[in-house]
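**Student:** Turn this into a structure:
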Amino acid sequence: MDIKDSLAKQIEKSKKEVTIVFTDIKGSTAFWEKHGDTEGRLMVDLHNKLMFAVVKSYKGTVVKTIGDSIMASFKKPKNALRAAISMQKVLWRRKREEKDLKIRIRIGIHTGEAIQEKNDIYGDVVNVAARVEGQAKGDEIVVSKDTAAALGNSRRRFLLEKRSSFVPKGKTRPLTVYRCNWQRHKQVSRDIKTEAFLPVPPRQTRELALYLLIGSVALYLIWRSFIFYLLADFEFFALYFLAPHPALTIGLLILAGGGLVFGLILLLRRVKQVPPWALKLLKGFFGFGIGFLIILALARVIPDNLSHYWNGSLAESEHLFVKVVQNEVRLYSSPSKTGKALGQAKAGSVFLQNRIVKRNQQIWTKVLYQPKRYAYILRMTRPKLGIPAYRQTVSSKFYFRFHDLYALLAGLIGFIWGYLTFQIRPM
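**Tutor:** Okay, here's the model as predicted:
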């Protein structure tokens, strides 16, 4: 089998029956000439926002916009015609509310087999649908004979009237088209709230995904740098956040956080409309992340002794935290290697320190192990022949410093900036 045959088979597999809907703004050229580019673009954007909301409401997909036209696809012809009727009704209702609004659209619908790929649809059905739309006048819905036939017994409910026949460009046989008397049709759906959601252009979803990523990183660092230690300073929470039981808790947090991020990214890629406040919050978290991370990065490179008002402590933890710095460090029930072994701790594990115990010229750290139960860790091993002594744990307090406060303030300023400056791009 050669490459051409292989490609042909793949193309054949991607063929499915779809109903294509084309909308076009009647008289848009004259509007642009009379009112200018800015008003013309705003008019097209309003049209897109209204029509996108309707398409989504009827389980359709906006395939592309072409100038002042929209190409949408539907799996069911009933949904396509319901969407077309709602498009005209939504626009008619909007024009009643805004007397200066002069948008008139014409809609063409055709059903047939098409090659469906990830971001586009190809095939004769698309070309014919465009020709059918050309047969419509302003405020009209025109349906091809193929779509009327696909409607089956429900055809009468959509008040279709035979309009005429024409020969589409590039064809030899005439095609009969029908006019949908949508003005006499009852509202076919629930009230579509076109202003409750803002359509998100596909290119802007990548920016929103970046906002989500940066904001999530900043929130994780806040958790790991501040909240983690503030909560663990209380013995009750320490049993859940610190060793020897952090694996499950942290694992669940990572799983939940990762699942949330992954789910939201998928949502932004798939969902074409989201509430305005959600978009503003998303950029707000992005701004917070940028401001917070900049100060946090500076804190890593600026010398500790620069200034009291940079590295000075504003608050400190009540307890000492014991961090394990070696792998497979043993925990004992008593300050002796002859005591019962309770388990092992990996490098990076953190315990809440109770006190220091000296026994046989060795220093042991008593740490909280379970509710009202403690374990002992040897702070430093004894040197052996050819093996020097090495430290197994490091004890320190948690300090909330001036630069931590500056990082949070910078993040707050960034959040306000992001929330106030977010703007949806034109469709």
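**Student:** Break this protein down into its domains, please.
**Tutor:** For the chain, the structural domains run 15-196, 203-315+402-421, 321-396, going by automatic domain parsing.
**Student:** what's the most buried one of those domains?
**Tutor:** Burial of the domains of the chain is given as mean neighbour count (mean count of other CB atoms under 10 Å); domain 15-196 ranks first at a mean of 18. Placement of C-beta: from N, CA and C, glycine included.
**Student:** where along this protein do the helices fall?
**Tutor:** 3-13, 28-35, 37-57, 77-97, 124-134, 145-151, 202-222, 228-232, 235-241, 246-270, 276-301, 308-311, 402-421 (DSSP state H).
**Student:** For those helices, give me TSV that also has distance to Ile377 and mean pLDDT.
**Tutor:** Shown next, in TSV, are the helices of the chain (distance: least, CB to CB, whole Å; pLDDT from 0 to 100):
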stretch	distance to Ile377	mean pLDDT
helix 3-13	62	66
helix 28-35	76	79
helix 37-57	59	83
helix 77-97	66	89
helix 124-134	71	90
helix 145-151	74	91
helix 202-222	28	79
helix 228-232	17	86
helix 235-241	15	78
helix 246-270	15	57
helix 276-301	29	88
helix 308-311	29	87
helix 402-421	28	93
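**Student:** quick one, which of these is nearest to Leu331?
**Tutor:** For these, the distance to Leu331 is smallest for helix 246-270, at 14.0 Å, taking CB to CB.
**Student:** any idea what sits nearest Tyr369, other than its immediate chain neighbours?
**Tutor:** Once flanking residues are discounted, Tyr369 sits nearest to Ala375: 3.8 Å by CB to CB, 6 or more residues apart in numbering.
**Student:** Tell me the bridge partners for the one you found.
**Tutor:** Note on Ala375: beta-bridge partners by DSSP bridges are Val367.
**Student:** Same list (the helices of the chain) but as a markdown table, adding distance to Ser396.
**Tutor:** Shown next, in a markdown table, are the helices of the chain (distance: least, CB to CB, whole Å):
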| stretch | distance to Ser396 |
| --- | --- |
| helix 3-13 | 61 |
| helix 28-35 | 67 |
| helix 37-57 | 54 |
| helix 77-97 | 63 |
| helix 124-134 | 67 |
| helix 145-151 | 73 |
| helix 202-222 | 19 |
| helix 228-232 | 10 |
| helix 235-241 | 15 |
| helix 246-270 | 18 |
| helix 276-301 | 16 |
| helix 308-311 | 15 |
| helix 402-421 | 15 |
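**Student:** residues contacting the residue nearest to Tyr369?
**Tutor:** 244, 331-333, 342-343, 351, 366-367, 369 (CB atoms under 8 Å, 6 or more residues apart in numbering).
**Student:** and if we set it to 10 Å?
**Tutor:** 243-244, 330-334, 339-343, 345, 351, 354, 364-369 (CB atoms under 10 Å, 6 or more residues apart in numbering).
**Student:** Distance check, it against Trp364.
**Tutor:** As judged by CB to CB, to the nearest Å, Ala375 and Trp364 stand 10 Å apart.
**Student:** Mutual contacts of those two, please.
**Tutor:** Residues touching both Ala375 and Trp364 (CB under 10 Å, 6+ apart) are 332, 334, 339.
**Student:** mind checking pLDDT for the last one?
**Tutor:** If I follow you right, that is Gly339. Here, the pLDDT recorded for Gly339 equals 87.
**Student:** show me the contacts for it.
**Tutor:** Shown in contact with Gly339 (CB under 10 Å, 6+ apart): 330-333, 364, 375-376.
**Student:** Likewise for Ala345?
**Tutor:** Ala345 makes contact with 243-244, 322-324, 326-331, 351, 367, 375, 377, 392-393 under the criterion CB under 10 Å, 6+ apart.
**Student:** one step back: which ones among the contacts of Ala375 lie within strands?
**Tutor:** 330-332, 341-343, 345, 351, 354, 364-369 (DSSP state E).
**Student:** between the residues you listed, which is nearest Ile416?
**Tutor:** Distance ranking of the ones in strands among the contacts of Ala375 against Ile416, using CB to CB, places Phe351 first at 39.1 Å.
**Student:** Not including adjacent chain positions, what is the nearest residue to that closest one?
**Tutor:** In this structure, Phe351 finds its nearest non-sequential neighbour in Val367, 3.6 Å apart by CB to CB, 6+ apart.
**Student:** ok, the one you found touching Phe321?
**Tutor:** Yes: applying CB atoms under 10 Å as the test, Val367 and Phe321 come out as touching, 9.4 Å apart.
**Student:** Give the residues shared as contacts by these two.
**Tutor:** In terms of CB under 10 Å, 6+ apart, Val367 and Phe321 are both contacted by the residues 238, 242, 350-353, 395.
**Student:** Give me the pLDDT for the residue of the chain most remote from its centre.
**Tutor:** Residue farthest from the centre of the chain, counting by CA atoms, centre = their mean, is Asn360 at 58.9 Å. pLDDT for Asn360: 84.
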